[in-house]
Each structure stands twice: as structure tokens, then as C-alpha cells.
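Asker: I need the structure of the sequence given here:
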Amino acid sequence: MSIAGEILANAIPGSIALVYPALGELVSERAGVINLGTEGAMLAGALGGIATSIGTGNVWLGVVVAVLCGAATGSVHATAVVLRRANQLASGLVVWFLALGVTSVLGASDNGQVVSLLGAVAVPGLSSIPVVGPVLFDQNLLVYLGYVLVPATWWFIHYTRGGLVLRATGERPAVVFAGGHKPLRVRFLAVCAGSAIAGLGGAQLALGIVGNWSNGMTNGYGFVAVAVVIFARWNPFGVLLGSYVFGVALAISSVVQAHGIATNQYLLDALPYCVTVVVLVAVSSVGRSNAPESQRDALSETS
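Answerer: Predicted structure coming up:
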């Protein structure tokens, strides 16, 4: 496989690890809550997945625990913001710091321990398509779940009653209340569900790509996810595109290193994040105009 082919193939697992937290953030923001604690939910999911896999030898049980750990982390942010009316940005940062500290302590015994990665499953027929097949259809099952979750999230938000209530909660909570629903409950559940999805991102990173635990191993994926949602204009398909751009930049770094091409290591490490910043700045004015009303207010306050 050529270097370009390797980059495209390696970009898929990394981009799906970002798709999950970005979709989770999108769900939360559609309900009117910005969750900067998404990074913490990913960390909790990664540690929960690794620790469970080490303890039980069952990698899929690790994935389930990763989802639960993500949801538990999200419930802390939801309690502070939704029930206690705390500042969303401050609470999210506190949750991230809390998760970083707790996972560093609880994961000390798991540092460096290797677990079996989720195995690649070639899709019959599709995986044999020239060029595209090996890149898209010879991946692990969490990658395929990510493929399905993007259109499923889009369909849920735009074509179901639950999605209508979710969007209305972020735009006009008084109308939601008048319709017989409880906006606070919707927001609480949306934040927890979004963080549970972010926990899947932690599982993909830990069990689908790396295969071990290290402190702070998410390396800012959760914060990039927030930027991807803005880039995507709160659209799940835009999330997929934005995540793949980041994934390609990340894959360039790893493939260049693997081939021993002489390049400044610090530039390679910074490349994915530089790309994210450049793309976000380029589309920020367009993204803001399409934001849910609650997020337009938050963006205006921080600009």
C-alpha cells in the first residue's frame, strides 16, 4: 500500500474516535448545554474500557463499561449545570480536571499494561473494492458502529418526536414545557447520553487503536470535538467530515514517523490541532449563524 493509502486507512480509526465525542457534544448542545467535560468523559471511558478488559479478559465488556463511565462523568456536569444552574464552561472544565485527576490515580496500576485490540472485521464484498474497500471496510466493529451512528443521529434529530423535543429544548424551553415535557429532564438526559457516546470514543481510542492506558491519553480529543461541532454547523454529517479531516492530519503524523521520514517531531504532533484551529477559524462566521439559539448566546459571550 502506498503512503497515501496508509494515511487514508489509518485516518479512519482516529477519526471515528473523534466522531463519537463530537456526536455526543452535538446532542448535548442541541439541548442547550455546552459540555467541555467531554474530554473527561472520554478519559473515563478509556480507563473503564482498559481496566475492565484487563480484569475480565473481555474487550466487549470493556466497551460497555466505557459507555457507563462516560455517562457517569456526564451526570456530574448535568447535575451542576442543569440542576444547580452552574456556569456551563466553568463546570465543564472542572469535570475535565476532576476526570483527569481521578483517572490518573485509579489508572496507575494499569499504566502500560497491554490488552488485545478490537480485531478488524472485513465486510464481505465491500472490503474487496479497489482503494476504498480496505480503507473503509476492513476495520473494527466500533468503526462500523460509528458509520451507522452518524445517519442515525441525523435521523433522530430531524425526523423523530424525541429529536423535535431535543431541538426545541435548546431553542425554546418554555414551548417544550407548555407541550407537557420537562426541559430540565431533557437537558439532563441529553448531557448524560452525549457523554455516554463520548465514552465510546474513549473505548475506540483505548481498545481500538492504542491497546493500553496512559494518563491523559485522550490528548485533547474532547476539546477538538467541541470545535468539530461548530465546524459541522451542528450537523452529524458535518461532524463526520470534520472528524475525518482531523483523522487524516493525525494519520500523516503517524505514517511519516513509521516510514522514518525526517521531519520535526513537534510539528508532526501539533499538525492535527493546527489544522483544527485553521478550519475552525475559516468557518466560524458561517457556523455561528447556524447555531442553536442557546449556543449563539454562548459564542457571543466568549468572542
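Asker: Please count neighbours and contacts with C-alpha atoms only from this point.
Answerer: Fine.
Asker: I'd say Gln166 and Leu26 touch.
Answerer: Rather than Gln, residue 166 is Leu. No - applying CA atoms under 8 Å as the test, Leu166 and Leu26 come out as separate, 10.9 Å apart.
Asker: who has more neighbours, those two?
Answerer: Leu26 (30 against 27; other CA atoms under 10 Å).
Asker: which residue ranges form the strands in the stretch 101-250 of the chain?
Answerer: 121-122, 138-139 (DSSP state E, counting those that start in this stretch).
Asker: what pairs with the last one, and is each one parallel or antiparallel?
Answerer: It stands for strand 138-139. Within its sheet, and counting by DSSP bridges, strand 138-139 is paired with strand 121-122 (antiparallel).
Asker: what's the model's confidence in the partner strand, averaged?
Answerer: Averaging pLDDT along strand 121-122 gives 92.
Asker: quick one: contacts of that strand?
Answerer: 137-141 (CA atoms under 8 Å, 6 or more residues apart in numbering).
Asker: Same question for stretch 56-66.
Answerer: Applying CA under 8 Å, 6+ apart, the set of residues contacting stretch 56-66 from outside is 44-53, 116-118, 196, 199-200, 202-203, 207.
Asker: Could you check the biggest helix by length in the chain and say which residues are buried?
Answerer: Longest helix in the chain, counting residues (DSSP state H): helix 3-30. Neighbour counts over helix 3-30 (16 or more other CA atoms under 10 Å) mark 6-30 as buried.
Asker: same question, stretch 111-126
Answerer: Per 16+ other CA under 10 Å, stretch 111-126 contains these buried residues: 111, 114-118, 122.
Asker: Same check on stretch 209-223?
Answerer: So for stretch 209-223, counting by 16+ other CA under 10 Å, buried means 209-218, 221-223.
Asker: who are the neighbours of the longest helix of the chain, in terms of helices and strands?
Answerer: Packing partners of helix 3-30 (3 or more CA pairs under 8 Å, 6 or more residues apart in numbering; DSSP states H and E): helix 38-56, helix 132-136, helix 141-159, helix 161-171, helix 183-203, helix 221-231, helix 236-258.
Asker: These into CSV, with extra columns for mean pLDDT and distance to Thr276?
Answerer: Putting the helices and strands packed on helix 3-30 into CSV (pLDDT from 0 to 100; distance: least, CA to CA, whole Å) gives the following:
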stretch, mean pLDDT, distance to Thr276
helix 38-56, 96, 16
helix 132-136, 87, 23
helix 141-159, 97, 20
helix 161-171, 95, 26
helix 183-203, 97, 18
helix 221-231, 92, 7
helix 236-258, 86, 7
